[in-house]
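**Q** Sequence below, structure please.
(one chain, ligands or ions: 2)
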Amino acid sequence: MSVKTTATAASSGANATEKFRANKASGVQTSSQRVNHLASRAIKALVDTVAEEKVTYDEYNALKAWLIRVGEDGEWPLFLDVWLEHAVEEVANADRDGSKGTIEGPYYVPGSPVLQSPATLPQRDGEAGTPLLFRGRVTSVNGNALAGAHVEIWHADDAGFYSQFAPGIPEWNLRGTVVADEEGIFQINTLQPAPYQIPTDGACGQLISAAGWHAWRPAHLHIKVSGPGHQLITTQLYFTADEHLSDDIASAVKPELILDPEPATDGNGREVSYNFVLDPA
Ligand code: MBD
Ligand code: FE
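**A** Ligands and ions are numbered 1, 2, ... in the order given. Next up, the predicted model:
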């Protein structure tokens, strides 16, 4: 990774806190009975860990200092999405028959430019990376085409940075909402994303190095697919032969979500198809 990565990565974690406040922190109420039950279980899991592992005061204070730093660095969204969201997603999508979902992660922004298929995602002049043509069809579980389905896509640039979370990138760079045609078919021109390292210079990075873990996610496209009368699915697609498919730090890879692009028929980069199947609402 370039020097730029180290210089700016922490702000990507912190910016996710601001975006979360702006877009997601809703006033949803949870009953006191449910709060009591869940908080008691979560606290018990920690208490049991302390008792069973004979946690010392030094270790307790190290935990306290680290938790304080997670907040100071604005990395709660990053921490939760990397280490916990995968379990929430499994629960949320357990009953679906259509395409597999996976985690959203901290870098989604609603309201990306709406582009009619065939579309090219917004990008800078000379944007680095191998061209990738991503196409496919959106249908219902019964096989019917979903005309005008929305395929919303966002991904990191070749250096591993997401627009709106790292400085100096145009607002909607590599983000777009592509509208499928009457047959549910979409075509999206973008660039092959690179393997991605979560920010290493904040509290999450401190945990990773203290534990001797690595910070990598396999290269991925983030996607939300929706169609009239159907449930939106949030997912990611990965690429075959990526060395981090089997040890994603965010535990968000599923075998159904791995693409195997081929050389593009026009000789320019690579192309791949993937069909999405949505469950009725
Ligand atoms: C990402 O790009 C990502 O997808 C996840 C899940 C966590 C951190 C950065
Ligand atoms: Fe990501």
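**Q** from here on, contacts and neighbour counts on C-alpha atoms
**A** OK.
**Q** which residues in the protein form strands?
**A** All strands of the chain, identified by DSSP state E, fall at 114-116, 119-120, 131-140, 150-154, 175-179, 185-191, 196-197, 216-217, 221-226, 233-239, 258-259, 262-263, 270-273, 276-278.
**Q** Which positions in stretch 219-228 come out as buried?
**A** Residues of stretch 219-228 classed as buried under the neighbour-count rule (16 or more other C-alpha atoms under 10 Å) are 219, 220, 221, 222, 223, 224, 225, 226, 227.
**Q** ugh, wrong one, stretch 246-257
**A** Using 16+ other C-alpha under 10 Å as the burial criterion, the residues of stretch 246-257 that qualify are 248, 249, 250, 251, 252, 253, 257.
**Q** related to what we said a few turns ago, in CSV, list the buried residues of stretch 219-228 along with distance to ligand 1 and pLDDT.
**A** Converted to CSV, the buried residues of stretch 219-228 look like this (distance: C-alpha to the nearest ligand atom, whole Å; pLDDT from 0 to 100):
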residue, distance to ligand 1, pLDDT
219, 9, 96
220, 7, 98
221, 8, 98
222, 7, 98
223, 11, 98
224, 13, 98
225, 17, 98
226, 20, 98
227, 23, 97
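**Q** can you redo those residues as a markdown table with distance to residue 152?
**A** Supplementary listing: the buried residues of stretch 219-228 in a markdown table, determined by distance: C-alpha to C-alpha, whole Å:
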| residue | distance to residue 152 |
| --- | --- |
| 219 | 17 |
| 220 | 14 |
| 221 | 10 |
| 222 | 8 |
| 223 | 5 |
| 224 | 5 |
| 225 | 6 |
| 226 | 8 |
| 227 | 11 |
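**Q** Smallest distance to ligand 1 belongs to which residue of the chain?
**A** Minimum separation of the chain from ligand 1 (C-alpha to the nearest ligand atom) falls at residue 105, amounting to 3.8 Å.
**Q** Stretch 67-75 close to ligand 1?
**A** No. With C-alpha under 6 Å from any ligand atom as the measure, stretch 67-75 is seen stopping short of ligand 1, the closest distance being 10.2 Å.
**Q** Dump that stretch to CSV, keeping only the CA atoms.
**A** Below are the C-alpha coordinates for stretch 67-75, written out as CSV (Å, rounded to 0.1, in the frame of the first residue of the first chain):
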residue,chain,number,x,y,z
LEU,A,67,-12.7,1.2,24.5
ILE,A,68,-12.2,4.9,25.3
ARG,A,69,-9.9,5.1,22.2
VAL,A,70,-12.5,3.5,19.9
GLY,A,71,-14.9,6.3,20.7
GLU,A,72,-12.2,9.0,20.5
ASP,A,73,-11.1,7.7,17.0
GLY,A,74,-14.8,7.5,15.9
GLU,A,75,-14.3,3.8,15.1
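**Q** Mind listing residues that contact that stretch?
**A** Under the contact criterion C-alpha atoms under 8 Å, 6 or more residues apart in numbering, stretch 67-75 has outside partners 10, 13, 14, 15, 16, 17, 76, 79, 202, 203, 204.
**Q** got a winner among those residues for most neighbours?
**A** Scoring the contacts of stretch 67-75 on neighbours with other C-alpha atoms under 10 Å, the highest-scoring entry is residue 13 at 29 neighbours.
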